[in-house]
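> Next comes the sequence, and after it the predicted model I'd like to discuss.
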Amino acid sequence: MQSRKIEETQIPQGGDMAQIAMAVAAQQQKNMITLNKDLLPSKGKYYSNDLYVKKLSTIDIKNLSTLTGDTIDGVMNSIIAHCVQGINVNDILVGDKYWLVFYLRNLTYNDYPFYVKYNCKECGKVGMFKTQMKDINVNYIQDDFNPTYKMDNGDTIEIGFPTIGNEISVNQIKREPEKYTVDGAIDEQILNIACYIKTINGSRVSIMKAYNYICELDALSFTNFGNYMADIDFGIKPYFEIQCDCSNKVLVPLSLTPEYFMPKITNTANK
């Protein structure tokens, strides 16, 4: 791995490791800005440290503009690790992940608008809608969220929101299900729900133990728990909401297209 040269005048060379660590952190945060954590879908409630962000690099933009279904998670995780500092990428919540990618894109291009085509089924109008960061719909974490949930069967569950690290573990299970003892094929939706369970009756559990626990629940306990989880989840909504001239609301899916990450911006220097 190639290391970046650090000038001796910038980093103290004495034996005070705390001072050195602070200087190194300052050097790493160069050309970065402090992220307002209140903007995140999680409102930053699970991040104790300040977070710093910087604009996408040429390589980041190239990778984002060539996303495929197979590479999307790896590319996004790599870009967040590169452009967000102050936290290990594996500790970032999945509910914040997509928001961060859209935010970094708009930070890079100074919130340059992206136009989406819409077709109103009510009046038949076909038009173009200018979108910016403010137009991305967000479900925010509840201010009064209580992580303790009492199941209908009497068990007490401690709920935690899945991180990118949890997501990587889930993908590993999906790729190699034969390594895990389960009754039948692994259900991906239940596996995703299992990531939200941190403890059962005070005992910390693995993802697979939580998965097996959910599979063995009675119908009432599972239904009420599933509905509760849907109500408390947070993240960006996967669509733009466009108000047509006829007052009808048109929903247009969010799209991670090459054009979104490489917009055609007029270069006035070459005019």
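Ah, there it is.
> those helices in the stretch 1-150 of the chain, which residues are they?
Along the stretch 1-150 of the chain, counting by DSSP state H, counting those that start in this stretch, helices occupy 17-28, 58-64, 72-83, 94-108.
> Just put these in TSV and tack on distance to E122.
C-beta here means a position set from N, CA and C on the backbone, and glycine is covered the same way. Compiled in TSV, the helices of the stretch 1-150 of the chain are given as follows (distance: least, C-beta to C-beta, whole Å):
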stretch	distance to E122
helix 17-28	52
helix 58-64	34
helix 72-83	33
helix 94-108	28
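> Of those, flag the one that's most buried.
Among those, the stretch with the highest mean neighbour count (mean count of other C-beta atoms under 10 Å) is helix 94-108, at a mean of 21.
> From the rest of the structure, what touches that one?
Residues outside helix 94-108 that contact it (C-beta atoms under 8 Å, 6 or more residues apart in numbering): 39-42, 53, 55-56, 60-61, 64, 76-77, 79-80, 83-84, 92, 112, 132-133, 136, 138, 141, 161-164, 166-167, 233-236, 254, 256, 260-261.
> So F240 belongs to a helix, correct?
No. The secondary structure assignment for F240 gives strand rather than a helix, going by DSSP: H, G, I helix; E, B strand; the rest coil.
> Was I right to think it contacts T131?
Yes. A contact is recorded between F240 and T131 when judged using C-beta atoms under 8 Å, the distance being 5.7 Å.
> quick one: low-confidence parts of the protein?
With pLDDT under 70 as the threshold, the chain has low-confidence stretches at 1-29, 181-183, 267-271.
> re earlier: pull up the overlap in contacts between F240 and T131.
V116.
> how is the protein carved up into domains?
Taking automatic domain parsing as the criterion, the chain consists of the domains 17-139+236-265, 148-233.
> mind listing the helices for the stretch 151-271 of the chain?
164-175, 188-194, 207-215, 219-232, 258-261.
> So which residue is dead centre in the chain?
Within the chain, the residue whose C-alpha comes closest to the C-alpha centroid is K97; the distance, by C-alpha atoms, centre = their mean, is 1.2 Å.
> now V84, nearest residue through space, not along the chain?
Nearest non-adjacent residue to V84, counting by C-beta to C-beta, 6 or more residues apart in numbering: V53, 5.5 Å away.
> and the one you found, how many neighbours?
Counted with other C-beta atoms under 10 Å, the neighbours of V53 add up to 19.
> Show me what it bridges to in the sheet.
Beta-bridge pairing of V53 under DSSP bridges involves I33, V84.
> residues contacting it?
So V53 contacts M32, I33, L35, C83, V84, Q85, L100, Y103, L104, L107 (C-beta under 8 Å, 6+ apart).
> Please apply the same query to T156.
Counting by C-beta under 8 Å, 6+ apart, T156 touches T148, Y149, K150, I200, N201, G202.
> ok, now N119?
K125, V126, V250.
> Not counting residues beside it along the chain, what's closest to S65?
Taking C-beta to C-beta, 6+ apart as the measure, S65 lies nearest to P258, with 4.0 Å between them; neighbours along the chain are not counted.
> burial of I236, as a residue count?
For I236, the number of neighbouring residues by other C-beta under 10 Å comes to 20.
> And for K134?
By other C-beta under 10 Å, 7 other residues sit near K134.
> Likewise for the one 4 residues further on?
If you count neighbours by other C-beta under 10 Å, V138 ends up with 14.
> Bridged to it, which residues?
According to DSSP bridges, I236 are recorded as the beta-bridge partners of V138.
> Let me know whether it touches K43 as I believe.
No. Assessed by C-beta under 8 Å, V138 is found out of contact with K43, at 10.2 Å.
> quick one: contacts for the closest residue to P238 other than its chain neighbours?
Spatial nearest neighbour of P238, excluding adjacent residues (C-beta to C-beta, 6+ apart): L254 at 5.3 Å. Remark: with contacts taken as C-beta under 8 Å, 6+ apart, L254 is in contact with F102, I136, I236, P238, Y239, F240.
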